[in-house]
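K.L.:
Would you be able to build a 3D model of this:
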Amino acid sequence: MLIEKVIFAVSYGESSIIMTKKWFALYTKSRTEKKVNQALIDKEIECYLPLEKKLKIWSDRKKWVEEPFIRSYIFVNIEEGELQKALNTPGIVNVIRFGGKPAHVREEQIKIIQSLLSGSEEYELSTDNFVPNEKVEVVSGSLKGLVGEMVHHLNKYKVLVRIESINQNILIKINPSHLKKV
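P.N.:
I've put the predicted structure just below:
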């Protein structure tokens, strides 16, 4: 199911055009994600930079830092016609394309990333190709309602969520008692 936000309708005589916002993934220069995020906010472009907290250890100290969940990617919620405005932001290399057209990311996939990063489940990001397996749904916890695939990875059972438009997979370790077959 594709979820899109309707912005406004423009009427031309008897016909009308519906303008919609969609989420697009933009590829950034290495380690510029936070600067690009701020530049897009300054341009009043709705954007989402998923950040995860990681403990960094140096020889003299330890510190919790926020790092991009998916390196060199930032998501923007705009109309396809406004992509050029976002692409003109310093630090952005290109929009991710699929079949020659800008690939949009479904809203529910953005919400899955947001829920995952705000929850307490163990997860890992992977670009490995997985064979489709049995579909499962999370029935309790912070990811309730999430539908994914049950996979066996590194001797553990995990739920796989595919984000096809950017060729990324999220493996989430979830207690099997929180799952049901779809």
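K.L.:
Backbone dihedrals for residue 164, please?
P.N.:
phi -60, psi -40 (degrees, to the nearest 10).
K.L.:
Ramachandran coordinates for the residue nearest the centre of the chain?
P.N.:
Centroid-nearest residue in the chain, with CA atoms, centre = their mean: residue 110, separated by 4.4 Å. Residue 110 has phi and psi values of phi -60, psi -40 when expressed as degrees, to the nearest 10.
K.L.:
Where does the nearest residue to it once chain neighbours are set aside sit, in terms of helix or strand?
P.N.:
Closest residue to residue 110 apart from its sequence neighbours, by CB to CB, 6 or more residues apart in numbering: residue 23 at 5.5 Å. In short, each C-beta sits where N, CA and C put it, glycine included. Under the criterion of DSSP states H and E, residue 23 resides in strand 15-28.
K.L.:
List the residues that contact the residue nearest to residue 110.
P.N.:
By CB atoms under 8 Å, 6 or more residues apart in numbering, the contact list for residue 23 reads 48, 75-77, 104-107, 109-110.
K.L.:
Neighbour-wise, which one of those residues leads?
P.N.:
In terms of neighbour count, residue 76 stands highest of the contacts of residue 23 at 28 neighbours, by other CB atoms under 10 Å.
K.L.:
Could you list the residues in contact with the host helix or strand of that residue?
P.N.:
Assigned by DSSP H and E, residue 76 belongs to strand 73-78. With CB under 8 Å, 6+ apart as the contact definition, strand 73-78 has outside contacts at 5, 21-28, 33, 36-37, 40, 45-50, 68, 85-86, 92, 96, 105, 110, 166.
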